[in-house]
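**Student:** Give me the fold of what follows.
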Amino acid sequence: MKMLPLKFYNIAIPLFLVFFGINSCGSSASAKAEQVEISFTEVLSGSHSNITEKKNIVISDQKELEKIFGKINSTRKPGIPIPEINFEEETAVFLNAGELSTGGSTISVTKVLKEKENVVVEIGGRSPKPGDFVTTVITQLFTLVKFKRQELPVVFRTPDQ
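**Tutor:** Numbers count the residues shown, from 1 in each chain. Down below sits the predicted model:
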């Protein structure tokens, strides 16, 4: 088997790296170009939703919002006022962490992104680490946010997805 001269490798390897480096930058830049960040407003958050299951809900009308607040206010006297949301112009999403047995956790929306086929709601928050000192309390963390209505389906994504 005939070996190629060292000069060939000195030219071929850098060209190979440059070519694939440019290709990977281009695909990353185009993926970023397809995402547009949408501003959002946190309407309300709290630690007791009275909803024990973990859920992420897209709220599309006033009736659905009232149903959720019926559950939130089922043990509150007086209840939390139902926020005003213009569903013709805005979309609301409700995140619920489910029932937790300690304090020290949070749930939040970190970003809302418009992509080619979806609106992505990125879910954030934190949980206590093993060994952290936390209160022993039953919570059902929740947050409600709204943003300008888009004509795309809404999906939820956590940082590890």
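**Student:** Next SSE downstream of the helix or strand bottoming out on mean pLDDT in the chain?
**Tutor:** Using mean pLDDT, DSSP states H and E, the weakest-scoring helix or strand in the chain turns out to be helix 6-33, at a mean of 53. Downstream of helix 6-33, the next assigned helix or strand under DSSP states H and E is strand 36-37.
**Student:** quick one: that next one to chain centroid distance?
**Tutor:** Its chain's C-alpha centre and that of strand 36-37 lie 13 Å apart, by Cα atoms, centre = their mean, to the nearest Å.
**Student:** same question, stretch 66-81
**Tutor:** Here stretch 66-81 is found 25 Å from its chain centre; the criterion is Cα atoms, centre = their mean.
**Student:** Give me the buried positions along that stretch.
**Tutor:** By neighbour count with 16 or more other Cβ atoms under 10 Å, stretch 66-81 contains the buried residues 68-69, 72-73. Bear in mind the C-beta positions are built from the backbone N, C-alpha and C, glycine included.
**Student:** Give me the most central residue, this structure.
**Tutor:** Nearest to the geometric centre of the chain sits residue 122, at 1.4 Å (Cα atoms, centre = their mean).
**Student:** what's near enough to touch that residue?
**Tutor:** Each residue near residue 122 by Cβ atoms under 8 Å, 6 or more residues apart in numbering is listed here: 109-113, 157-159.
**Student:** Next up, identify which helix or strand it is on.
**Tutor:** strand 119-126.
**Student:** contacting residues for residue 83?
**Tutor:** 43-44, 65, 144.
**Student:** ok, those vs residue 133, which is closest?
**Tutor:** Ranked by distance to residue 133 (Cβ to Cβ), the contacts of residue 83 are led by residue 44 at 27.9 Å.
**Student:** right, and the closest one touches residue 144 too?
**Tutor:** Yes: between residue 44 and residue 144 there is a contact at 4.7 Å, judged by Cβ atoms under 8 Å.
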